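A.B. asks: Got a sequence here, can you build the structure:
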Amino acid sequence: MKLVTFTYQNQTRVGAVVDDTVIDSVGSADIPSTMIEFLSAGAGSLAAMQQLIDSGQHRLALAAVKLHSPIPRPPKYLAIALNYADHIAETGKAKPDYPSFFTKQNTCVIGSGDAIEMPKVSDKLDYEGELAFVIGQRCRHVPVEKARDVIAGFMIANDVTVRDWQSHSPTMMIGKSFDTCGPLGPWLVTTDEISDPHNLTLKTWVDDELRQNANTSQMLFNCYEMVAYLSAAMTLEVGDVISTGTPSGVGVKMSPRGYLKVGQTVRIEIEGIGELVNTVIAEP
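C.D. replies: Below is the predicted model of the structure:
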């Protein structure tokens, strides 16, 4: 199931994408209006959505709705650095002994189709195509072998980074958290449709130029290991977003630098999920 948060006729709610349509949950007492509430309701809300899908009714044209990030304001947005060997090599840094996480503030989050803003304070704007997943159950101390059970689904992330501001702090947080630097989407694909998240092709284009071409099998720490590691330290909550790192091909390591420019479009494609597309504009 491809779950979306969308707006239609000034009302925002949860739906599901089937082909080029959105299943509209408006009026359904069994389907909450926000994604976090929907995921918290568990199997009941999924069953109610499946009934709407099977009915063949309640459909809107996908082109007629406004998609948002599936989780517009995640409780936590955690991302891992240096998780692909080829990216570690291009940075010249040592392979980490432990997963190296940083935070992105949730006000950076936007959806597919929304604009990435070139900051007024920097022109060193970069992309990072990544697989992300969303926590579906409040949990702590989750063993690796049970980690899949607490994941609600998978989506695409663009860990947009303001590179000079990234170095202002050893945590990297400030350069990772500018407004609009967190595109997520286009939808949340439930785990039953992704049999193996660790064998998916990931590609990133800037306009028509292919910049990143990798497979999630190349991750050093896999999704389930990330859940186990993080939940050993903190409670993970429904709606938390965890982004799994980027492969090589980022703009800062190109020669000359491949930073984004106003007017360019970043398109990230992950096998089995879809495409996340965002165009760069000048910050208003």
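A.B. asks: C-alpha only now, for contacts and for neighbours.
C.D. replies: Will do.
A.B. asks: need the contact list for the spatially most central residue of the chain.
C.D. replies: By Cα atoms, centre = their mean, the mean C-alpha position of the chain lies nearest to residue 157, the distance being 3.1 Å. Remark: with contacts taken as Cα atoms under 8 Å, 6 or more residues apart in numbering, residue 157 is in contact with 128-132, 182-185, 243, 276.
A.B. asks: which of those residues lies closest to residue 228?
C.D. replies: residue 243 (14.6 Å; Cα to Cα).
A.B. asks: unless I'm mixing things up, that closest one is touching residue 80, no?
C.D. replies: Yes - assessed by Cα atoms under 8 Å, residue 243 is found in contact with residue 80 at 6.4 Å.
A.B. asks: Looking only at neighbour counts, state which of those two leads.
C.D. replies: Looking at residue 243 and residue 80 with other Cα atoms under 10 Å, you find the greater number of neighbours at residue 243, namely 28 against 17.
A.B. asks: Please name the nearest non-neighbouring residue to the more buried one.
C.D. replies: Closest residue to residue 243 apart from its sequence neighbours, by Cα to Cα, 6 or more residues apart in numbering: residue 132 at 4.1 Å.
A.B. asks: For the one you found, report the pLDDT, please.
C.D. replies: Looking at residue 132, its pLDDT is 99.
A.B. asks: How about the contacts made by it?
C.D. replies: 154-157, 241-244.
A.B. asks: quick one: buried residues of the helix or strand of the chain with the lowest mean pLDDT?
C.D. replies: Least confident helix or strand of the chain, by mean pLDDT, DSSP states H and E, is helix 85-91 with a mean of 92. In terms of neighbour count (16 or more other Cα atoms under 10 Å), helix 85-91 has its buried residues at 85-88.
A.B. asks: and residue 176, how far is that from residue 260?
C.D. replies: Distance from residue 176 to residue 260, counting by Cα to Cα, to the nearest Å: 15 Å.
A.B. asks: what does residue 180 give?
C.D. replies: Residue 180 sits 14 Å away from residue 260 when distances are taken as Cα to Cα.
A.B. asks: same question, residue 210
C.D. replies: 14 Å.
A.B. asks: So between those two, which is more surrounded?
C.D. replies: Between residue 210 and residue 260, residue 260 has the larger neighbour count (other Cα under 10 Å), namely 22 against 14.
A.B. asks: Dihedrals phi and psi, the more buried one?
C.D. replies: With angles defined as degrees, to the nearest 10, residue 260 sits at phi -70, psi 150.
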